[in-house]
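Engineer: Dropping a prediction and its sequence here:
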Amino acid sequence: SGTTVKAYLRKRQVRVDGMTVTQFDYPPEKGNKIVISFERTKESLRHPLLRIVYEDDYLVVVNKNSGLLSIATDKEMHKTAYNIVREYLRRDDPTAKVFIVHRLDRETSGLMLFAKDEDTKLALQRNWEESVLERKYLAVTEGIFEQNEGVISTYLTESKALKVYATTKENGKIARTAFRVLKTSKRRDLTLVELQLATGRKNQIRAHLEYVGHSIIGDKKYGAKFKSPIERVALHAQSLVFIHPVTGETHNFSTQIPTLFLKLF
């Protein structure tokens, strides 16, 4: 019955090619392997600041809200994505561990990748450039770009104040960010831009956008001149494509453009 099918979806008992599916209108493709478990799976994570979009025996992919730390700091030890995922896994296994594969800044929302064991984490990190096929971000920036697309390429280093900035070849590491303009608002002097990382330097996008004179709104550390009308740094990790370090399968995850970003246009 329809009620039973909805229950299977709600209780995370349907998988398509190994990925748990909860949407009733998920569009399967020819060749997909669909598995329905008639045993109730563990309770899904329900948290206002973080949502799990994929989980298997080795990895967890989450969609993190802005304002949530990736990992603990001296000032905040508990309210972190790491703790939320670890506590979720420990509902079923009190000894469960979790490892952050890559971090997002506190004010950055979007997709993050965790590993359930250290070997899987290291396998991804050691072969990061080969394993991660695509990482795209969305940002709302100050000003209107002169070109609709291009590549920002500089050498980056970090100051003693922990700010990343462009420098010379002798003093930094190469960083490349491709950009594509999606929307503009001349009235508000804002641009919605898609950014794709060719390298993965710390704070690369924030530093590159400041370098070209289009700081992310709300990002005062990296040159934003005005207060953010959405009261957050407008940076979102929208898509993540990687090769699974254990199965060898390619996984492709993406999220919608944040509603707050679209409202600005």
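Structural biologist: Yep, that arrived. Computed from a predicted structure; not experimentally measured.
Engineer: Am I right that Ile52 is in a strand?
Structural biologist: Yes. Residue state for Ile52 (DSSP: H, G, I helix; E, B strand; the rest coil) corresponds to a strand.
Engineer: got the residue ranges for the strands in the stretch 151-265 of the chain?
Structural biologist: 164-167, 173-185, 190-197, 235-243, 250-254 (DSSP state E, counting those that start in this stretch).
Engineer: List just the one of these that sits closest to Lys11.
Structural biologist: Between Lys11 and those, the shortest separation by Cβ to Cβ is 21.8 Å, and it involves strand 250-254. Every residue, glycine included, has its C-beta placed from N, CA and C.
Engineer: Next, the angle strand 235-243 makes with that closest one.
Structural biologist: Inter-element angle recorded for strand 250-254 and strand 235-243: 160 degrees (by axes from the mean of the first three to the mean of the last three Cα atoms, to 10 degrees).
Engineer: partners of strand 250-254 in the sheet?
Structural biologist: strand 235-243 (antiparallel) (DSSP bridges).
Engineer: Now do the strand it pairs with, average pLDDT.
Structural biologist: Strand 235-243 shows an average pLDDT of 96 in the prediction.
Engineer: Flag every buried residue along that strand.
Structural biologist: 235-240, 242 (16 or more other Cβ atoms under 10 Å).
Engineer: wait, doesn't Leu235 sit right on Thr141?
Structural biologist: No. Judged on Cβ atoms under 8 Å, Leu235 makes no contact with Thr141 at a distance of 9.5 Å.
Engineer: show me where pLDDT drops low in the stretch 51-200 of the chain?
Structural biologist: 77 (pLDDT under 70).
Engineer: show me where this structure has helices.
Structural biologist: Counting by DSSP state H, the chain has helices at residues 2-10, 81-89, 118-126, 128-131, 204-211, 259-263.
Engineer: and of these, who's closest to Asp105?
Structural biologist: Among the helices of the chain, helix 204-211 sits nearest to Asp105 (Cβ to Cβ), with 7.9 Å.
Engineer: Tell me the gap between that closest one and the middle of its chain.
Structural biologist: Its chain's C-alpha centre and that of helix 204-211 lie 17 Å apart, by Cα atoms, centre = their mean, to the nearest Å.
Engineer: Show me what it is in contact with.
Structural biologist: 105, 137, 139, 141, 152, 154, 156, 164-166, 175, 177, 195, 197, 201, 215-216, 219, 221-223, 235 (Cβ atoms under 8 Å, 6 or more residues apart in numbering).
Engineer: Neighbours of Arg46, how many?
Structural biologist: The number of residues packed near Arg46 is 9, by other Cβ atoms under 10 Å.
Engineer: residues contacting Asn63?
Structural biologist: Here Asn63 is in contact with 50-53, 109-112, 255 (Cβ under 8 Å, 6+ apart).
Engineer: again, but for Gly213
Structural biologist: Applying Cβ under 8 Å, 6+ apart, the residues contacting Gly213 are Gly143.
Engineer: Now do Thr184 against Glu146, distance only.
Structural biologist: Distance of Thr184 to Glu146, computed by Cβ to Cβ, to the nearest Å: 11 Å.
Engineer: how far does stretch 45-61 stretch from start to finish?
Structural biologist: 12 Å (Cα to Cα, to the nearest Å).
Engineer: Likewise for stretch 122-142?
Structural biologist: The straight-line separation of the ends of stretch 122-142 (Cα to Cα) is 38 Å.
Engineer: now swap in stretch 97-116 and tell me
Structural biologist: 6 Å.
Engineer: same question, stretch 112-124
Structural biologist: Termini of stretch 112-124 sit 13 Å apart (Cα to Cα).
Engineer: Now do that stretch: distance to the chain's middle.
Structural biologist: That offset, for stretch 112-124, works out to 15 Å (Cα atoms, centre = their mean).
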